[in-house]
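Could you work out the structure for the sequence below:
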Amino acid sequence: MFKFSRTSTIVLTGLAAIASGNLFATPASSLPVAKSPAVRPQPIKVFFPKNPQQQQDLGYVEPVWRQPQTAGLAQFAVTQLISGPTPQERQRGLIPPIRLRGASTCGQDFTLAIAAGVARLQFCRQVVSAGVGDDARLLNSVNATLKQFSTLRSVVVLDQNGNCLGDMSGENRCLRR
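Numbers count the residues shown, from 1 in each chain. Below is the predicted model of the structure:
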């Protein structure tokens, strides 16, 4: 009979993710590294909003497929959201959900931390928003894109100052989930 603790569950989950070449880049410095042929990750979905003139629902997003070149799938997915739709996808009415401006406070566009089923995405540059419609499109795109990974239950999105993106209450309600 096996007895599992929280620590052993995390280790087993991490090992399963590494073995499958799936989901997130997991620090494996303490694990033995076996040399094997590189496994190309499966394509993932990236969810983009549709042009609001064509779609009245500001939360509506459509998936497109992307082929990751790395095992850090969640990081790759957010990078693709920032890059926006291809010219062909733009012709179909898909629009970029995220526009960033200014200098980075962390040396990159964003940081992404994943723990206990929660993805915490913090932008390191100013997020350009024209209001609640833009915020809704961004949050729905990020949520749909990251929640496709079965190990994620929720997503917290923060601006470069560490405040909940789109929370106009000033109470940072996303941090209480």
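
which residues does residue 174 contact?
Residue 174 sits next to 156-158, 164-165, 167 when contact means C-beta atoms under 8 Å, 6 or more residues apart in numbering. For glycine as for every other residue, the C-beta is placed from the backbone atoms N, C-alpha and C.

could I get these as TSV with pLDDT?
Listed next are those as TSV, based on pLDDT from 0 to 100:
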residue	pLDDT
156	98
157	98
158	98
164	97
165	95
167	90
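
Please report how far residue 65 lies from residue 46.
Relative to residue 46, residue 65 is positioned 8 Å away (C-beta to C-beta, to the nearest Å).

between those two, which one's more packed in?
Each of residue 65 and residue 46 has its neighbours counted (other C-beta atoms under 10 Å); residue 46 has more, 27 against 9.

quick one on the thing from earlier: could you turn the buried ones of the contacts of residue 174 into a PyMOL selection?
Remark: buried members of those, expressed as a PyMOL selection using 16 or more other C-beta atoms under 10 Å:
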select buried, resi 156+157+158+164+165+167
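
remind me which residues of this structure are low pLDDT?
Within the chain, the segments meeting pLDDT under 70 span 1-38, 53-55, 177.
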